[in-house]
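> here is the input, now give the coordinates:
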Amino acid sequence: MLFKKFPWTTFKQCIGIVLGALIVAISINTFILPNEIADGGITGVAIILYYLFHWDVGMSVFILNIPLFFLGYKVVGRRLFFLSILGVGVLSAALRLTADILIVTTDSLLAAIFGGLVTGIGMGIIFRCRGSLGGTDILAIVLNRKTQFSVGQIILGLDAIVFLGAALIFEPEMAMYAMIYMFIASKMIDFVQVGLNYSKSVMIVTERSEQIAEEIITKLERGVTYFLAEGGYSQSPKKVVYSIVSRAQLTQLKEIVHKNDPQAFMAIGDISEVIGEGFSAWKGH
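Modelled structure (predicted):
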């Protein structure tokens, strides 16, 4: 009974957070610190303190996050609070344990690019496991729930403040490389969270909605939804066809619409993730 009641979902999340934090720590010690590139958020502040006073980065990360732990508890709840403590604790320890790891490159641009890729993978894993590395990560998750911006985009904006500080304290180039690093990391975070399963939403205004909808259902095997609308100029009722298709099916859908109604109006948009029959299933993150 105890075995069956063991919270395997939470256990897997903790393993993912530990793995992600370890990857981020290796990236910082391999690419960022040796090439004097700034980072964002609390980690960025800790790196700046390391450059100024040679303070231990891992210890600084943990100490600077202590007041934010309490803020995080009030903002995001007890669960994320404890997962954040786990993430920060592992990151702090991993930064110390991997401090003498092999330096891969001394080229700042290469370090910014590949450091961003590796860091983005680590942070993406952490976010998929509903955790964070404390600091601005918690704020990014909160804002992501309330705005249309992705977690990666929000982090990029928040980190601009740290980059500005690095530019004022050190050379502007340090902040420039840091911006490249975090831009790539933000894109990698989104990639790890969403993947390459981008779909297309299509809204079709046509006089032959039934014929087009039937071909979408039979040939593309995609669902169709009708919206009742009214033309602003003609004042006549319209039946708008709405469907979501894969990128590979978009060309075929255009051909279907053009064949049935060359005068049809189509609005096509990007969909980063679709959950439901015919697409991806709910995976708990």
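> if you average pLDDT over the helix ranked longest in the chain, what comes out?
For the chain, the helix with the greatest residue count under DSSP state H is helix 172-194. For helix 172-194, mean pLDDT is 86.
> got a list of contacts for the helix or strand following it?
Sequence order places strand 199-206 as the next helix or strand after helix 172-194, per DSSP states H and E. Contact partners of strand 199-206, identified using CB atoms under 8 Å, 6 or more residues apart in numbering, comprise 212, 227, 229, 238, 240-247, 250, 253, 257, 260-261, 263-271, 274, 279. Any C-beta I mention is one placed from the backbone N, CA and C, and that applies to glycine too.
> change it to 6 Å
Strand 199-206 is contacted from outside by 212, 238, 240-246, 250, 257, 261, 264-269, 271, 274, using CB atoms under 6 Å, 6 or more residues apart in numbering.
> for it, the distance to its chain's centre please.
26 Å (CA atoms, centre = their mean, to the nearest Å).
> and the spatially most central residue of the chain, how close does it get to residue 205?
Central residue of the chain (CA atoms, centre = their mean): residue 190, 3.1 Å from the mean position. To residue 205, residue 190 is 31 Å away according to CB to CB, to the nearest Å.
> can you show me the CA trace of the helix or strand encompassing residue 58 as PDB?
Residue 58 is located in helix 57-76, with elements delineated by DSSP H and E. Extracted in PDB, the C-alpha atoms of helix 57-76 (Å, rounded to 0.1, in the frame of the first residue of the first chain):
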ATOM      1  CA  VAL A  57      29.000  31.900  -6.800                       C
ATOM      2  CA  GLY A  58      27.200  28.900  -5.300                       C
ATOM      3  CA  MET A  59      27.000  30.400  -1.900                       C
ATOM      4  CA  SER A  60      26.000  33.800  -3.200                       C
ATOM      5  CA  VAL A  61      23.200  32.300  -5.200                       C
ATOM      6  CA  PHE A  62      21.800  30.600  -2.200                       C
ATOM      7  CA  ILE A  63      22.100  33.600   0.200                       C
ATOM      8  CA  LEU A  64      20.600  36.000  -2.300                       C
ATOM      9  CA  ASN A  65      17.600  33.700  -2.900                       C
ATOM     10  CA  ILE A  66      16.700  33.400   0.800                       C
ATOM     11  CA  PRO A  67      14.500  36.500   0.900                       C
ATOM     12  CA  LEU A  68      12.900  35.600  -2.400                       C
ATOM     13  CA  PHE A  69      11.900  32.200  -1.000                       C
ATOM     14  CA  PHE A  70       9.500  33.800   1.300                       C
ATOM     15  CA  LEU A  71       8.100  36.100  -1.400                       C
ATOM     16  CA  GLY A  72       7.800  33.000  -3.600                       C
ATOM     17  CA  TYR A  73       5.800  31.200  -1.000                       C
ATOM     18  CA  LYS A  74       3.200  34.000  -0.900                       C
ATOM     19  CA  VAL A  75       3.100  34.400  -4.600                       C
ATOM     20  CA  VAL A  76       3.100  30.900  -6.100                       C
END
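> what's the helix or strand just after it packed up against?
Going down the chain from helix 57-76, the next helix or strand is helix 78-97, by DSSP H and E. In terms of contacts (3 or more CB pairs under 6 Å, 6 or more residues apart in numbering; DSSP states H and E), helix 78-97 is packed against helix 8-27, helix 57-76.
> can you list those helices in JSON lines and add mean neighbour count?
As requested, those are exported to JSON lines (neighbours: other CB atoms under 10 Å):
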{"stretch": "helix 8-27", "mean neighbour count": "19"}
{"stretch": "helix 57-76", "mean neighbour count": "18"}
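> if anything else comes up later, I'll come back, but that's it for now.
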